[in-house]
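[1] Next input, structure requested:
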Amino acid sequence: MNNIKMFRDSIDEKLKRYLPTVASKHHEEVLEAMKYSFAIGGKRIRPLLMYGAFKMVDGSYEEYHCVEVFMACIEMIHTYSLIHDDLPAMDNDDLRRGKPTCHKVYGEANAVLAGDGLLNYAYELALKETINVGTKDIDRSKKLLEAMSIMASHAGIYGMIGGQAADIKFENKEMTTKNELDYIHKNKTGALIRVSLIIGGILGGGSVKQIEQLKVIGNNIGLSFQIQDDLLDKYSTKEVLGKPIGSDEKNNKKTYVSFVGVEQSKEDVKRLLNESRLQVEGFNGDSTLMLELIDFLETRKY
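    Residues are numbered from 1 along each chain as shown. This next block holds a predicted model:
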């Protein structure tokens, strides 16, 4: 796990540098709320996956800055989604990673605006990077535009937001098939994980075949991640999870565990991660970080 630790130790400071720094006295509190939620951190799984995919397709040193910008963008989008997910109108959680949630510290209105601010600033950063490259390098500009487009679609109504909307819908409606649950997982959790790998592959100059393989890996990792979250919410502890357990049951959410049971859920996590491992091993680039990430994800305890 040395590569993960080394990279994660350095990634926080790098990503924080991309946050807005200049504030008017009229919106200082919103900026502080944005920084607070972003700084709570977490495992930075999505930026790590993006960089891992970039290395797998043999991305060049010249492309690294573009990848770093998009790593910051994807983490901003992820953080915005967590801020909104914790709001009283959604999951109504008071703790996130062991600290008070954004709305508990800054109020609901500022939390909504902080989430909106992070989402919009992510696209502002991506656009600036694309403009900076401009006509100096048409091929790189095309990659950046493609990456930005696919990031937007995976974060939007046909991705994460669509999955979140379905999740809310089934709080008050009976879920009759596992396909309905799979739709939620594929989009609410899986979309940002999947797109992180895809963007890493695109910016690294991966082939069409490699990008398709990265999508499969992203789908498998995304689903395994959500199954683990379902297990953690039911069987972990507040101290380990950093927030109260039982949130799914409190909010009447349907989970993978409730459909297939605990043992099958654990087996499916192993199967999905093993399939991902086999796919990763088929790449010609440096797969060290991605393989370590998969090993790390398999150790999440419940």
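
[2] what are the ranges of the helices in the stretch 101-250 of the chain?
    Assigned by DSSP state H, counting those that start in this stretch, the stretch 101-250 of the chain shows helices spanning 102-106, 108-133, 138-155, 160-169, 178-184, 190-203, 208-235, 238-241, 247-250.

[3] Please name every helix or strand in contact with the first one.
    Contacting helix 102-106 under the criterion 3 or more C-beta pairs under 8 Å, 6 or more residues apart in numbering; DSSP states H and E are the following elements: helix 28-39, helix 108-133. Just so you know, the C-beta spots here come from the backbone N, C-alpha and C atoms, and that holds for glycine as well.

[4] quick one: which of those helices is nearest residue 67?
    With C-beta to C-beta as the criterion, residue 67 lies closest to helix 108-133 of the helices and strands packed on helix 102-106, at 10.2 Å.

[5] so what secondary structure elements neighbour the closest one?
    Against helix 108-133 (3+ C-beta pairs under 8 Å, 6+ apart) you get helix 28-39, helix 64-85, helix 102-106, helix 138-155.

[6] Including mean neighbour count and distance to residue 277, could the ones you listed go into a markdown table?
    Output for those, formatted as a markdown table (neighbours: other C-beta atoms under 10 Å; distance: least, C-beta to C-beta, whole Å):
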| stretch | mean neighbour count | distance to residue 277 |
| --- | --- | --- |
| helix 28-39 | 20 | 31 |
| helix 64-85 | 23 | 23 |
| helix 102-106 | 21 | 36 |
| helix 138-155 | 18 | 23 |
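
[7] Which one of those lies nearest to residue 255?
    Among the helices and strands packed on helix 108-133, helix 64-85 sits nearest to residue 255 (C-beta to C-beta), with 15.5 Å.

[8] if we can go back for a sec, can you list the helices and strands packed on helix 102-106 in CSV and add mean pLDDT and distance to residue 190?
    Output for the helices and strands packed on helix 102-106, formatted as CSV (pLDDT from 0 to 100; distance: least, C-beta to C-beta, whole Å):
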stretch, mean pLDDT, distance to residue 190
helix 28-39, 93, 22
helix 108-133, 96, 19
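
[9] export those helices to JSON lines and tack on distance to residue 264?
    Below are these laid out as JSON lines (distance: least, C-beta to C-beta, whole Å):
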{"stretch": "helix 28-39", "distance to residue 264": "35"}
{"stretch": "helix 108-133", "distance to residue 264": "35"}
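
[10] nearest to residue 112, of the helices and strands packed on helix 108-133?
    That would be helix 64-85 among those, by C-beta to C-beta, at 7.1 Å.

[11] Now do the contacts for residue 71.
    Shown in contact with residue 71 (C-beta atoms under 8 Å, 6 or more residues apart in numbering): 11, 15, 46-47, 50-51.

[12] Looking at those residues, spot the one nearest residue 138.
    Nearest to residue 138 among the contacts of residue 71, with distances taken as C-beta to C-beta, is residue 50, at 23.0 Å.

[13] now the helices and strands packed on helix 108-133 in CSV, with distance to residue 266?
    Listed next are those as CSV, based on distance: least, C-beta to C-beta, whole Å:
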stretch, distance to residue 266
helix 28-39, 31
helix 64-85, 25
helix 102-106, 33
helix 138-155, 28
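
[14] still on that earlier bit, which one of the helices of the stretch 101-250 of the chain has the poorest average confidence?
    Between the helices of the stretch 101-250 of the chain, the lowest average pLDDT goes to helix 238-241, which shows a mean of 59.
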